[in-house]
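Colleague: Can you look at this prediction? I've put the sequence above it.
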Amino acid sequence: MLYNNLRFSKKQGGRINMAEVVLKKVEKQYPNGFKAVHGIDLNIKDGEFMVFVGPSGCAKSTTLRMVAGLEEITGGEIYIGEKLVNDLPPKDRGIAMVFQNYALYPHMTVYDNMAFGLKMAKVPKNEIDKRVKEAAEKLEITDLLDRKPKEMSGGQRQRVAVGRAIVRKPEVFLFDEPLSNLDAKLRVSMRVRITQLHKQLKEEGQNATMIYVTHDQVEAMTMGDRICVLNYGKIMQVDTPLNLYNTPANKFVAGFIGSPAMNIVKASLISKENKLFVKLTNGDELELPKEKAEKVKGHVGKDVWFGIRPENVGNKNTAKPGDSSLVGKVNIVEQMGNEEFIYFFIGDAQYTARIPAEKSTGANFNQQENFYFEMDKCHLFDIETEKNITI
Ligand SMILES: Nc1ncnc2c1ncn2[C@@H]1O[C@H](COP(=O)(O)OP(=O)(O)O)[C@@H](O)[C@H]1O
Ligand SMILES: [Mg+2]
């Protein structure tokens with residue numbers, strides 16, 4: 001972009017109002033010698049909602065805590081709003097963090113919990129009062145301001161924790177699995193609330209760069225402007241939710257994003273009469289449409305990982321011209337009401353098909369059934385590098 005190199009920062013109350021967060025070759029080796037983060041490069045844009053997602057132990061928290069300044073950086077550089085922050089203490093980084101366990105002061109009222117950081121920062125009393133009341137209104141906790149944390153539900157406590165972050169008007173909000181302690185229904189409503197908050201703060205002209213850590217791919221998909229998928233302290237892919245879903249860069253992202261998960265099985269790529277086929281381990285073959293075949297022809301004769309999402313596996317009622325069909329043996333059928341998930345076997349490999357309720361054939365345990373594969377939607381991954389060779 002033209003203005004990419006243009007340094008522009010709005011000053012407001014002496015504060016630089018640019019809040020991009022840049023990680024350059026960031027590493028973390030813990031004192032016991034364990035290397036948790038292996039050189040992360042990432043640009044989080046000003047005002048962006050970035051989600052870090054990945055399985056437990058992949059270093060989401062470690063990375064976030066390095067941005068916060070709660071964990072020392074052992075390699076590389078972190079910039080917040082163009083300022084190198086490697087050696088800055090947390091309080092000078094312009095960040096506010098919300099934790100899974102709320103971390104509220106138990107002996108203080110909601111009001112005092114929210115006001116505490118501002119008092120420490122010597123913000124004038126009337127300004128504190130204004131900010132606390134505004135934040136309370138945004139989060140609909142005005143009538144809770146006199147309560148103590150133990151007199152509230154988990155969801156209310158988490159709203160207070162978010163409120164405490166808002167009043168500080170940080171340049172960057174950091175969330176570490178803030179909804180993990182809430183029940184499923186509350187998680188959904190808080191998820192929407194945080195997404196709304198992000199939009200609202202931006203509309204009000206406040207900085208609202210947010211970095212949100214979760215192991216839950218549904219949260220990641222629904223909340224993120226972009227998602228950074230991590231595994232073993234490395235970035236697997238950074239992209240918008242839809243791009244991750246439709247064009248996963250590798251087998252890990254393909255299997256991690258999407259529920260029920262993509263079917264991924266070992267297979268080989270063979271050529272017959274000028275056509276390419278995916279040959280499954282039981283000997284069954286699925287023809288690849290021309291466009292896909294063109295992309296993967298360099299891999300003919302090799303083993304591959306064959307991936308296809310459950311919604312791209314159907315039955316005779318959903319079949320489209322061009323689909324390839326194979327006989328499978330039905331194992332379990334899960335009824336969702338609006339759709340059913342059919343788990344079936346071809347050879348030793350189990351697959352999932354996702355069928356809209358009105359298209360059900362009533363398939364049942366142990367029955368043989370024809371399953372239709374939308375091969376133009378399939379993905380093939382290199383057996384060794386696990387990179388997607390179909391995009
Ligand atoms: N203080 C520590 N000392 C040594 N290893 C640690 C320490 N804290 C975390 N780890 C390890 O670093 C890895 C990443 O941890 P963490 O960032 O907490 O993962 P996540 O938040 O993705 O679950 C894990 O293997 C964890 O065991
Ligand atoms: Mg964590």
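Modeller: That came through, no problem. Ligands and ions are numbered 1, 2, ... in the order given.

Colleague: Distance from the chain centre to the longest strand belonging to the chain, please.
Modeller: Of all the segments of type strand in the chain, defined by DSSP state E, the longest one is strand 324-335. Remark: strand 324-335 is offset 30 Å from the chain centroid, using CA atoms, centre = their mean, to the nearest Å.

Colleague: strands paired with it, and their directions?
Modeller: In its sheet, strand 324-335 lies beside strand 339-346 (antiparallel), strand 368-373 (antiparallel), with partners assigned from DSSP bridges.

Colleague: I'd like the ones you listed as a markdown table, with mean neighbour count, mean pLDDT and distance to M223 appended.
Modeller: All C-beta spots, glycine's among them, are computed from the backbone N, C-alpha and C. What follows is these, written out as a markdown table (neighbours: other CB atoms under 10 Å; pLDDT from 0 to 100; distance: least, CB to CB, whole Å):
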| stretch | mean neighbour count | mean pLDDT | distance to M223 |
| --- | --- | --- | --- |
| strand 339-346 | 18 | 98 | 24 |
| strand 368-373 | 18 | 97 | 32 |
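
Colleague: Ok, which of the ones you listed comes nearest ligand 1?
Modeller: For those, distance to ligand 1 was read as CB to the nearest ligand atom. The smallest value, 28.0 Å, belongs to strand 339-346.

Colleague: Name the next helix or strand downstream of that closest one, please.
Modeller: Moving toward the C-terminus from strand 339-346, the next helix or strand (DSSP states H and E) is strand 349-356.

Colleague: Relative to that following strand, what are the paired strands and their orientations?
Modeller: strand 339-346 (antiparallel).

Colleague: Tabulate the strands paired with strand 324-335 (a markdown table), appending distance to E27.
Modeller: A markdown table is the format used below for the strands paired with strand 324-335 (distance: least, CB to CB, whole Å):
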| stretch | distance to E27 |
| --- | --- |
| strand 339-346 | 41 |
| strand 368-373 | 42 |
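
Colleague: Distance-wise, check the closest residue to V238 other than its chain neighbours relative to ligand 1.
Modeller: Distance criterion CB to CB, 6 or more residues apart in numbering; nearest residue to V238, sequence neighbours excluded, is C228 at 4.7 Å. Using CB to the nearest ligand atom, to the nearest Å, one gets 12 Å for the distance from C228 to ligand 1.

Colleague: Can you tell me the SS state at C228?
Modeller: strand (DSSP: H, G, I helix; E, B strand; the rest coil).

Colleague: Could you do G255 as well?
Modeller: helix.

Colleague: which residues touch it?
Modeller: When contacts are counted by CB atoms under 8 Å, 6 or more residues apart in numbering, G255 touches A261, M262, I264, G307.

Colleague: thought Y232 was touching P55?
Modeller: No - the pair formed by Y232 and P55 falls short of the contact definition of CB atoms under 8 Å, at 9.0 Å.

Colleague: Enumerate every residue touching the closest residue to E311 other than its chain neighbours.
Modeller: Spatially, and ignoring its direct neighbours in sequence, E311 is nearest to R354 (4.6 Å; CB to CB, 6+ apart). Contact partners of R354, counting by CB under 8 Å, 6+ apart, are P260, R309, P310, E311, V313, E339, E340, F341, I342.

Colleague: surely the fifth one meets M375?
Modeller: Spelled out, it's V313. No - contact criterion CB under 8 Å: V313 and M375 do not qualify, at 10.5 Å.

Colleague: Neighbour count: those two, which is higher?
Modeller: The residue with more neighbours, out of V313 and M375, is V313; 25 against 20, by other CB atoms under 10 Å.

Colleague: Identify the residue spatially nearest to that one, adjacent ones excluded.
Modeller: Residue nearest to V313 in three dimensions, not counting chain neighbours: A353, with 4.1 Å by CB to CB, 6+ apart.

Colleague: beta partners for that neighbour?
Modeller: The residues paired with A353 through beta bridges, assigned by DSSP bridges, are I342.

Colleague: so how far is ligand 1 from the closest residue to L326 other than its chain neighbours?
Modeller: For L326, ignoring the flanking residues on the chain, the nearest one in space by CB to CB, 6+ apart is D284 at 5.2 Å. Noted for D284: a distance of 38 Å to ligand 1, by CB to the nearest ligand atom.

Colleague: Next: K133.
Modeller: Following CB to the nearest ligand atom, the distance that separates K133 from ligand 1 is 34 Å.

Colleague: Could I get the contacting residues of that residue?
Modeller: Per CB under 8 Å, 6+ apart, neighbours of K133: T142.

Colleague: Wait, a helix at it?
Modeller: Yes - assigned with three-state DSSP, K133 falls within a helix.

Colleague: From what I see, S259 and A220 are in contact.
Modeller: No - at 11.1 Å, S259 does not count as touching A220 under the criterion of CB under 8 Å.

Colleague: ok, these two, which is more surrounded?
Modeller: Residue environment comparison for S259 versus A220 gives the larger neighbour count to A220, 24 against 11, counting by other CB under 10 Å.

Colleague: Skipping adjacent residues, who's closest to the more buried one in space?
Modeller: The shortest distance from A220 to any non-neighbouring residue, by CB to CB, 6+ apart, is to V53 (3.9 Å).
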